[in-house]
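Undergrad: The sequence and its predicted three-dimensional model are supplied below.
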Amino acid sequence: MQVLAITSQKGGTGKTTLAGHVAVEAERRGGGPVALIDTDPQGSLSHWWNAREAETPVFVQTLVERLPDDLERLRQEGIKLVIIDTPPAITSTIVEVVRVSDLVVIPIRPSPHDLRAAGATVDLVECLNKPLVFVINAANARARITTEAAIALSQHGAVASSIVHQRTNFAASMIDGRTVMEIPNAGRSAAEIVALWDYLSNRLMRLQSAAAGEQEVHGAALAMAAQEPERAVQWTR
Ligand SMILES: Nc1ncnc2c1ncn2[C@@H]1O[C@H](COP(=O)(O)OP(=O)(O)OP(=O)(O)O)[C@@H](O)[C@H]1O
Ligand SMILES: [Mg+2]
């Protein structure tokens, strides 16, 4: 099981929109079962989920104090991916969420104001030594500032190659608990989410392999250490 946090201290960057869309896409593409957690007191993601008819992804109520225990329970129940939406502020909640995450997604609108505001979120994630990825959201087609934002952000971390553009169907689809992949005539928006999940799932897979590799090296080191006393005895003979 892997945990994906979606966070940015700036309000309205698209955290909740991307949490819902990435969760549904991951489920559609076989990356599930997916569980959603909303740690924002505004509760936008839970409102969206309550309006949703489809049974997946599942929604999990938790409290930040219980988060590590609840994540362990979800792991044992067979959940493969947990996506956590967070409030627009640097709070102790965000610190705890980032601490338990495998990858942190920072949605950002391509504007100078949003770029300036991203620094605090990046500092927090780096401080906790977690991998991050910026997702440019609500971009205007052909605007030069989008390219400029991608270049500026790439100096601070990975930028998802799939950009999500500003389109009313992202907002409209969520009114009744759906996503752009689940409404008619939203092909271009849906294709962006498909590409975003391609990028994120690849990144998650590489993180999982790296973690497995580290565990193998650690296991091999422990096995060698366990043999040490025997070898020491042989050498002294
Ligand atoms: N790509 C997009 N195209 C059009 N509208 C969008 C897009 N992404 C987000 N929005 C709209 O922008 C507003 C803010 O998005 P959202 O609620 O996802 O941001 P947020 O970061 O979760 O906000 P908050 O910080 O308040 O939790 C919403 O009305 C949403 O429908
Ligand atoms: Mg939100």
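TA: Received it, and whenever you're ready, just let me know what you need. Ligands and ions are numbered 1, 2, ... in the order given.

Undergrad: and the biggest helix by length in the chain, what does it pack onto?
TA: Identified as the longest helix of the chain according to DSSP state H is helix 187-236. For helix 187-236, the packing partners by 3 or more C-beta pairs under 8 Å, 6 or more residues apart in numbering; DSSP states H and E come out as strand 2-6, helix 15-28, strand 103-108, strand 132-136. Where you see a C-beta, it was placed from the backbone N, CA and C, and this is true even at glycine.

Undergrad: Let me know whether it sits next to ligand 1.
TA: No - using C-beta under 6 Å from any ligand atom, helix 187-236 never reaches ligand 1; the gap is at least 7.6 Å.

Undergrad: Ok, stretch 74-93 next?
TA: Yes - for stretch 74-93, a contact with ligand 1 is found by C-beta under 6 Å from any ligand atom, at residue 88.

Undergrad: average pLDDT across the longest helix of the chain?
TA: Averaging the model's pLDDT scores along helix 187-236 yields 79.

Undergrad: all numbers from here: first residue = 52
TA: Happy to do that; since the first residue is 52 now, the last one works out to helix 238-287.

Undergrad: residues from this protein in reach of ligand 1?
TA: Residues of the chain lying near ligand 1 (C-beta under 6 Å from any ligand atom): 62-68, 91, 93, 95, 139, 188-189, 215, 217-218, 221-222.

Undergrad: Would you write a ChimeraX line that selects the buried entries of those?
TA: To isolate the buried ones among these in ChimeraX, judged by 16 or more other C-beta atoms under 10 Å, type:
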select :64,65,66,67,68,91,95,139,188,189,215,218,221
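
Undergrad: Looking at the residues of the chain next to ligand 1, which are in helices?
TA: 66-68, 95, 221-222.

Undergrad: Kindly reformat those as TSV containing distance to ligand 2.
TA: TSV is the format used below for these (distance: C-beta to the ion, whole Å):
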residue	distance to ligand 2
66	5
67	3
68	8
95	5
221	13
222	12
